[in-house]
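>>> one predicted model, sequence on top.
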Amino acid sequence: MATGPTGLRKVIAAAMIGTTIEWYDFFLYGTAAALVFNKLFFPASEPLVGTMLAFGTYALGFAARPLGGIVFGHFGDRIGRKRLLMLSLILMGVATVLIGCLPTHGQVGILAPILLILLRLVQGFAVGGEWGGAVLIVAEHGDAKGRGFWTSWPQAGVAAGSLLASGMLALMATLQSEADFLSWGWRVPFLLSAVLIGVGWWIRATVEESPTFQAVARDVAALEKAPALEAIRRRPRQLLIGGGLRVAENISYYIVSVFLITYVTQAVGLSRQVALNAILIASAVHCCAIPFFGWLSDRIGRRPVYAFGAFGMMGWTFVFFRLLETADPTLIILASVVALVFHAAMYGPQAAFLAEMFPTRFRYSGVSLSYQVTSIFAGSLAPLIAAALLAATGSGTPVAIYVAGASLISGVAALLARETRGKTFAEIDAEA
């Protein structure tokens, strides 16, 4: 069942705005970990040591994401997508505002990083449930013909969240001295989350539940008692393929959007403003490229578009670090923009690709497992591994090899996947 054009646009707007806000909160932590938390919560004599400790807590948020995906996926497959989306929004907002209120290591000692870790875990749990619900409520309102394009908009919301987080911190860093920024300026973007969450709640409250889920839910007996277990039992190949698709997309994104700041400021020796400007411009291009590649996947298929992104990233990552090492701000921007265009080729069709791998009765659980479990050893560890490689070698080449290896995995996964473009959810449910 498809929603009319006006209703679908409303659903897309609600999903994208809510996703932008939640990922703004999540990415805000990653950017702050590279700029602030290493100094205020993990002070160390060596800058890279403090940064690695900060990235360690950053990684913990990813560790909580699969748990969030399982819990939210379970109830999302049992009681509906919308309620879980509302809950994830509130959890994320409260955790982010509280991070903005935390005392620092200099004020309360070891209690400061402990509280930071706890709130990061709540963030990870919330965002673990957000993604699956946001993309599915769009996918299940729309039709098969344009599913890649429609579901790419919540994906673009993730990029917009990164853009907003980097932009806010860049603005505060520009308007303030280093001392003021570290003293209180970094807190402002976190506290502003309270306003954004209120807007997101109001918009999402107006959206109807997924008609595809409602059709299945009319027969209570058709609902799975343990949807995550059913996904593992009935779709193991799809879970593995989905996880493989995520490896390069996840690792490359956090290298470009988070580790770049560390590399440019600590290895190349440029200001944080140069790094933030590069991420800002690249993120703006990224937001536009994601829907384009989602649209393209509706025309030529999910597999070729995804493979193009993975293999393109595999080659570009070596150029990427060479361009960063030039210390030329223009070339650093070019490196970031092209990298995120290749990333967009993976991320644009990803939501539709994963949603089409699972039937309605355990789709939320299936896509959440595919998407979130990979995050534990991919995106969560990427900045930490990259910082360790940089500390050990002083070079970006080992990091490039790391990203290239991940890209090879995702490229092969795309080639091994079955093409799902144009399949209706009724056909997918019938096959199950």
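That came through, no problem.
>>> so His141 is in which element?
Using DSSP states H and E, His141 is not contained in any helix or strand.
>>> how about the helices in the stretch 301-432 of the chain?
302-325, 329-355, 363-377, 382-393, 397-416, 425-431 (DSSP state H, counting those that start in this stretch).
>>> now do the helix or strand that contains Arg65, average pLDDT.
Assigned by DSSP H and E, Arg65 belongs to helix 47-79. Helix 47-79 shows a mean pLDDT of 76.
>>> and for stretch 157-170?
80.
>>> then stretch 98-108?
89.
>>> and Ala391, how many neighbours?
16 (other C-beta atoms under 10 Å). Quick note: C-beta positions are derived from backbone N, CA and C, even for glycine.
>>> need the per-residue pLDDT for it.
87.
>>> now Ala2
For Ala2, pLDDT reads 53.
>>> deepest-packed of the helices of the stretch 301-432 of the chain, please.
Highest mean neighbour count among the helices of the stretch 301-432 of the chain (mean count of other C-beta atoms under 10 Å): helix 363-377, with a mean of 27.
>>> any idea how far Phe293 lies from Leu340?
Relative to Leu340, Phe293 is positioned 11 Å away (C-beta to C-beta, to the nearest Å).
>>> the spatially closest residue to Gly128 that is not a sequence neighbour and Glu209, how far apart?
Leaving aside its sequence neighbours, Gly128 sits nearest to Gly68 (C-beta to C-beta, 6 or more residues apart in numbering; 2.5 Å). Per C-beta to C-beta, Gly68 is found 20 Å from Glu209.
>>> one step back: including distance to Phe42, could the helices of the stretch 301-432 of the chain go into JSON lines?
Formatted as JSON lines, the helices of the stretch 301-432 of the chain follow (distance: least, C-beta to C-beta, whole Å):
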{"stretch": "helix 302-325", "distance to Phe42": "25"}
{"stretch": "helix 329-355", "distance to Phe42": "26"}
{"stretch": "helix 363-377", "distance to Phe42": "22"}
{"stretch": "helix 382-393", "distance to Phe42": "12"}
{"stretch": "helix 397-416", "distance to Phe42": "21"}
{"stretch": "helix 425-431", "distance to Phe42": "47"}
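>>> relative to Met16, which of the ones you listed is closest?
helix 329-355 (11.6 Å; C-beta to C-beta).
>>> what packs against that closest one?
For helix 329-355, the contact count by 3 or more C-beta pairs under 8 Å, 6 or more residues apart in numbering; DSSP states H and E identifies helix 111-139, helix 147-175, helix 236-254, helix 272-300, helix 302-325, helix 363-377 as packing neighbours.
>>> for those, which one ends up most surrounded?
helix 363-377 (a mean of 27).
>>> cool, thanks, talk later.
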